[in-house]
Structures are given as C-alpha cells and as structure tokens.
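J.: Next input, structure requested:
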Amino acid sequence: MVMRTVLVAAVLIAASTAVAHADAPGNTPQQFGDNERPSDPFPSPVMAQPVIGIPEAPPPVADKSPELAAALSIGATTLGYALMAAGDQHKGALETGALLAFLGPSTGQWYAGKVGGAGIGARAIALGVMVYGLAHMSVAEADCSDCGRSSSQDDARNAKTYLIAGAALWFGSTAYDIYEAYHQTEAYNEHQHNLARMFAPTMMQSPNNAMVPGVAFSSKF
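T.: Numbers count the residues shown, from 1 in each chain. Reported below is the predicted structural model:
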C-alpha cells in the first residue's frame, strides 16, 4: 500500500512538471488555422513589382519661346546694320556692326541650343563672292593702258553679277536663320517634352504590398 502511494505521487509530480514546462513563456507552440502556414524565417528576396495603373503626370517642362528666338535674331541683325550706318560717327561701330550683321541672325538658334552653322557658312561664302565682285569692279574702273574697253566692260559686268549673287546669298541666309530660330526652338521644346514622357514618376508595389515611389520608362521602337 505504501509503495503504491509513492508510485502514484511520483506520476502526479512528473505530470505536473510536464504541464508547467509546456505552459512556460516562450515554450508555447504556435497555433495555425486551416488556411495558415508558418512564415519562412529566411524569405528569398523579391523585387518590387510595378503597380498596374496610370503613372503620375510627368514634371512640367519649362518651354523656350520661339518668338523670343526670332526676336533675338532680328534684333541682333538690325543692331548690326544700325552700327554700320553710324560707323563714321563712332569709333569701332563699323567693325562691331559688321560682326553683328554676320553672326546676329544665328543668335536665335543659339538660344535654342543649336550652332546655326549653315547660315554662318552661307554668309561667309556670300562675303567672299561680294569681295571678289568688288575686286572686278575696281579693275573695271581703273585707268590702265593695258586694258581695252571690252575688257573693262566684261569686268564691270562680272562684278555686277558677283555682287548681286553675293548679296542674294547673304540676305537669303539671314532670312533662313531667322526662320530656323523659330523652328529650332519649337523642336527643342518638343524634344524636352518627349524626354519628360519617357521618364515619368510612378508608384511601385513592394513585396509586402506597400506602395513605394519609382520611375517609369517608356520608349518607341
């Protein structure tokens, strides 16, 4: 009878110890529902996925003014001719005016980020042609015993042709540069807007379904 009592007491003590150990903090097993599963303690990295939707509007682009570009070309050119006209009254005005008349038509294209080399090159050729025409004119007007009347007439006729051709090329290239100043500024604005649409801010979806800022890239092929 004593041995049986001691055995029952030992069994009760062991059972109570096991229950107390199971109920101790930190040792309680995690319970999961039917549709739940334990989380992976070492999840594999997942890249953020773009959210399906419309990207945010691109940032505003500061446009350049085509009217201002044309005004720069016209203004610089007009100032050049005005200085050339006043060259006799002011020292250095003739040289400065000639330089402005030569480069001024291209200033509007510089404003648009272009060089304007076509117009500058055409005016350089025109200047050379007019100088050549003036050389023929000086020969035609010279008193020379070796030059016959027919030769002087030919030089005068050739000089007139060269001067007209050079002047036409000069003023034609000037008008071309003024037109291109307006056109190239419009092209610059369109290019900047296209770049803004290619790289637009948007929102991305992270692995934990949070929305994070990102950049959307679009292009045409």
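J.: Count the residues that sit near A140.
T.: 19 (other CB atoms under 10 Å). Every C-beta, even on glycine, is put in place using the N, C-alpha and C of the backbone.
J.: name the helices or strands packed onto the helix or strand containing it?
T.: Using DSSP states H and E, A140 maps to helix 117-141. For helix 117-141, the packing partners by 3 or more CB pairs under 8 Å, 6 or more residues apart in numbering; DSSP states H and E come out as helix 93-103, helix 149-198.
J.: Pull out the buried residues from stretch 112-120.
T.: For stretch 112-120, burial by neighbour count (16 or more other CB atoms under 10 Å) applies to A112, K114, G116, G119, I120.
J.: In these, find the pair that's most separated.
T.: For the buried residues of stretch 112-120, the maximum inter-member distance is 14.9 Å, found between A112 and I120 (CB to CB).
J.: What ranges in this structure fall below the confidence cut-off?
T.: 1-61, 141-152, 197-207, 209-221 (pLDDT under 70).
J.: what's the spacing between the nearest residue to A156 once chain neighbours are set aside and R157?
T.: Nearest residue to A156, sequence neighbours excluded (CB to CB, 6 or more residues apart in numbering): A140, at 3.9 Å. As judged by CB to CB, to the nearest Å, A140 and R157 stand 8 Å apart.
J.: thought S106 was touching Y176?
T.: No - using CB atoms under 8 Å, S106 is not in contact with Y176; the gap is 10.1 Å.
J.: When those two are compared, which one has more neighbours?
T.: Shown here are S106 and Y176; by other CB under 10 Å, S106 has more neighbours (27 against 16).
J.: Spit out the contact partners of the nearest residue to the more buried one once chain neighbours are set aside.
T.: Nearest non-adjacent residue to S106, counting by CB to CB, 6+ apart: G116, 3.1 Å away. Shown in contact with G116 (CB atoms under 8 Å, 6 or more residues apart in numbering): P105, S106, T107, G108, Q109, W110, D177, E180, A181.
J.: again, but for S138
T.: No residues are in contact with S138 under the rule CB under 8 Å, 6+ apart.
J.: repeat for M130
T.: M130 sits in contact with Y162, L163, G166, A167, W170, where contact means CB under 8 Å, 6+ apart.
J.: farthest-separated two in the residues you listed?
T.: Top of the distance list for these (CB to CB): Y162 and W170, 12.1 Å.
J.: now, among the contacts of M130, which is nearest to T96?
T.: Nearest to T96 among these, with distances taken as CB to CB, is W170, at 18.0 Å.
J.: number of nearby residues for G80?
T.: 20.
J.: quick check, it in a helix?
T.: Yes - assessed with DSSP: H, G, I helix; E, B strand; the rest coil, G80 lies in a helix.
J.: Isn't it up against L94?
T.: No - in this structure G80 lies outside contact range of L94 using CB under 8 Å: 10.3 Å.
J.: follow-up on the earlier one: for the residue nearest to S106, what are phi and psi?
T.: The phi and psi torsions at G116 (degrees, to the nearest 10) take the values phi 70, psi 30.
J.: if I look at it, how far off is M84?
T.: 21 Å.
J.: what does H136 give?
T.: 23 Å.
J.: and if you look at A93?
T.: On the measure of CB to CB, A93 and M84 end up 7 Å apart.
J.: what's near enough to touch the residue nearest to G108 when sequence neighbours are not counted?
T.: Excluding the flanking residues, the one nearest G108 by CB to CB, 6+ apart is A181, at 2.5 Å. By CB under 8 Å, 6+ apart, the contact set of A181 is 66, 69-70, 72-73, 105-109, 111-112, 116.
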